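Colleague: A structural model of the following input is requested.
(one chain, ligands or ions: 1)
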Amino acid sequence: MSRITLKNVTKEFVTRGGHRVTAVDNFNLEIQEGECFSFLGPSGCGKTTTLRMIAGFEDLTEGEIWLGDKPVSVKSKNLYVPPEERGLGMVFQAFAVWPHLNVFENVAFPLRVKKTPRDELRERVMTALGHTDLQGAEKAYPSDLSGGQQQRIALARAIVTNPRVMLLDEPLSNLDPKLRESMRFEIKALQKKFNFTIIFVTHDQSEAMALSDRMLVMDLGKIIQTGTPREMYQDPANKFVYGFLGLSNFLRVRVRDGRVFPAEGTIQPIPFELPQGVSDGEGLLASRPNEIGLSRTEGTGYPGRIEKRLYMTFCIEYHVNIAGQVIRVHTPHGNVLPEGCGCFVQFRNPRWYAGESEQVELERIERQVI
Ligand SMILES: Nc1ncnc2c1ncn2[C@@H]1O[C@H](COP(=O)(O)OP(=O)(O)OP(=O)(O)O)[C@@H](O)[C@H]1O
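Modeller: Have a look, this model is predicted:
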């Protein structure tokens, strides 16, 4: 019942300025029962619009959405099941708890809408408060509680109707980093207990990777890649996904006779086996700061110069100049090289990507400001 299927789903908007934007472009996706699935992508890429169509708050321009074996939106048949009949639990970006209602009434709200009998309502609210560690707080008002507790009210209200599917749209975005982390565990624990399917929308890659069984990265309304966090991190489909899932350096390089040079006029190539079919021209050599070695021993890598050294909690960050371009390198504490010295750089797991057109960058910016 809690499988979610999207078939050829497209959503177009016409903005106030008369500009047409395809917020979601031909989405095909199947999320399995009990899966925690994240939508990840930059602002304006269409994450919230997709979630709102699944929830039933937004009509489709084209396509179909199914929950289990039941169609809930089918454009060609004008079929549309309203949100309250879709059996979903939802927690949206803002806390969305009502300040004038106490905790009990906030959580009871969806049951009151359904005219649930008094005794059953009380029992279900108290159970939901128990699952979210809010027992004893039922008479408090949201303003008396911490940010984390307020967020738990929203979670309790979402689970009180025993939904099979939970839609979470940036539910942790108002919390400080420490609390965010502990709430992630709480969401996972609730999912384990109830085995509901979760769709989690975020633009925070570490959150998506920590929570998800599978995820997708989207850009400009399109799905770019779907997979487990590990698959996506280790084998990103393109430069955009590589850059989105973790820290990255993109060194602009030139290819001459199958060899890779960091700038026009340099004579020493970077040791790298190009993928087949790459012809002479320009491209990008992608690397992760923690997958680069640094040493002062002559001949151990590509020559560079350390411009800056920063002590971080988990590592030392170096800014290293290679033929006029600066890359970031993370090494463990202990391996300390001075600023200003020459060094040798080893790229351990670099990847090759073609450059991206400026038009694509401009389109991304435009979508955020429409
Ligand atoms: N009601 C609307 N009318 C016109 N354009 C809209 C409307 N809702 C969304 N859009 C546009 O659709 C595109 C996708 O928006 P959406 O809110 O789904 O992106 P998002 O990935 O969720 O962004 P964010 O992370 O900032 O919430 C954007 O270009 C946005 O401006």
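Colleague: for Glu307, what are its contacts?
Modeller: 319-321, 326, 339-340 (CB atoms under 8 Å, 6 or more residues apart in numbering). (C-beta placed from N, C-alpha, C; glycine too.)
Colleague: Spatially central residue for the protein, please.
Modeller: Leu40 (2.8 Å; CA atoms, centre = their mean).
Colleague: tell me the domain ranges of this structure?
Modeller: 3-241, 247-353 (automatic domain parsing).
Colleague: The last one: end-to-end distance?
Modeller: Taking CA to CA, to the nearest Å as the measure, domain 247-353 stretches 16 Å from start to finish.
Colleague: One more: the longest one?
Modeller: Start to finish, the residues bounding domain 3-241 are 26 Å apart (CA to CA).
Colleague: As a check, name the ranges of all strands in the stretch 201-350 of the chain.
Modeller: 214-219, 222-227, 249-256, 259-261, 281-287, 292-295, 302-311, 316-322, 325-331, 342-347 (DSSP state E, counting those that start in this stretch).
Colleague: so what does the fourth one touch, helix or strand wise?
Modeller: Counting contacts by 3 or more CB pairs under 8 Å, 6 or more residues apart in numbering; DSSP states H and E, strand 259-261 is packed against strand 249-256.
Colleague: next one: the strand it packs on to chain centre, how far?
Modeller: 28 Å (CA atoms, centre = their mean, to the nearest Å).
Colleague: again, but for stretch 272-285
Modeller: 29 Å.
Colleague: likewise stretch 199-207?
Modeller: 3 Å.
Colleague: list the buried ones in it?
Modeller: 199-203, 205, 207 (16 or more other CB atoms under 10 Å).
Colleague: and the end-to-end length of it?
Modeller: End to end - CA to CA - stretch 199-207 spans 13 Å.
Colleague: pLDDT of stretch 314-333, averaged?
Modeller: Taken as a whole, stretch 314-333 has an average pLDDT of 94.
Colleague: what comes up buried for it?
Modeller: Buried-residue list, stretch 314-333, by 16+ other CB under 10 Å: 315-320, 322-323, 327-331.
Colleague: Asn249 reaches Val320, doesn't it?
Modeller: No: counting by CB atoms under 8 Å, Asn249 does not reach Val320; the two are 9.3 Å apart.
Colleague: how many other residues sit next to Ser182?
Modeller: 11 (other CB atoms under 10 Å).
Colleague: nope, Ala128 is what I meant
Modeller: 23.
Colleague: Out of the domains of the chain, flag the one nearest the ligand.
Modeller: Closest approach to the ligand among the domains of the chain (CB to the nearest ligand atom): domain 3-241, 3.1 Å.
Colleague: shared neighbours, Asn249 and Val320?
Modeller: In contact with both Asn249 and Val320: 327-328, using CB under 8 Å, 6+ apart.
Colleague: Which pair of the contacts of Glu307 spans the longest distance?
Modeller: Val326 and Gly340 (13.9 Å; CB to CB).
Colleague: mind listing what Ala210 touches?
Modeller: Arg184.
Colleague: So is stretch 53-68 next to the ligand?
Modeller: No: using CB under 6 Å from any ligand atom, stretch 53-68 stays clear of the ligand, with a minimum separation of 8.1 Å.
Colleague: Please shift the residue numbers so they start at 2 in all later answers.
Modeller: Yep, numbering from 2; the last one is stretch 54-69 now.
Colleague: could I have that stretch exported to CSV, CA atoms only?
Modeller: Coordinates of each C-alpha in stretch 54-69 appear next as CSV, following Å, rounded to 0.1, in the frame of the first residue of the first chain:
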residue,chain,number,x,y,z
MET,A,54,2.0,16.9,-6.1
ILE,A,55,2.4,13.6,-4.2
ALA,A,56,0.6,15.2,-1.2
GLY,A,57,-2.3,16.4,-3.5
PHE,A,58,-1.7,20.2,-2.9
GLU,A,59,-0.7,20.7,-6.5
ASP,A,60,-2.3,19.5,-9.7
LEU,A,61,-0.2,17.8,-12.4
THR,A,62,0.3,19.3,-15.9
GLU,A,63,0.9,15.8,-17.1
GLY,A,64,1.4,12.2,-15.8
GLU,A,65,0.2,10.0,-13.0
ILE,A,66,0.8,9.4,-9.3
TRP,A,67,0.0,6.2,-7.6
LEU,A,68,0.0,5.2,-3.9
GLY,A,69,0.3,1.5,-3.7
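Colleague: just to revisit the earlier point, ok, and the closest non-adjacent residue to the residue nearest to the centre of the chain?
Modeller: Ala209 (4.5 Å; CB to CB, 6 or more residues apart in numbering).
Colleague: Same check on Gly294?
Modeller: Using CB to CB, 6+ apart, the nearest residue to Gly294 is Gln347, at 3.8 Å.
Colleague: and what of Cys316?
Modeller: Cys316 sits nearest to His331 (CB to CB, 6+ apart), 4.1 Å away.
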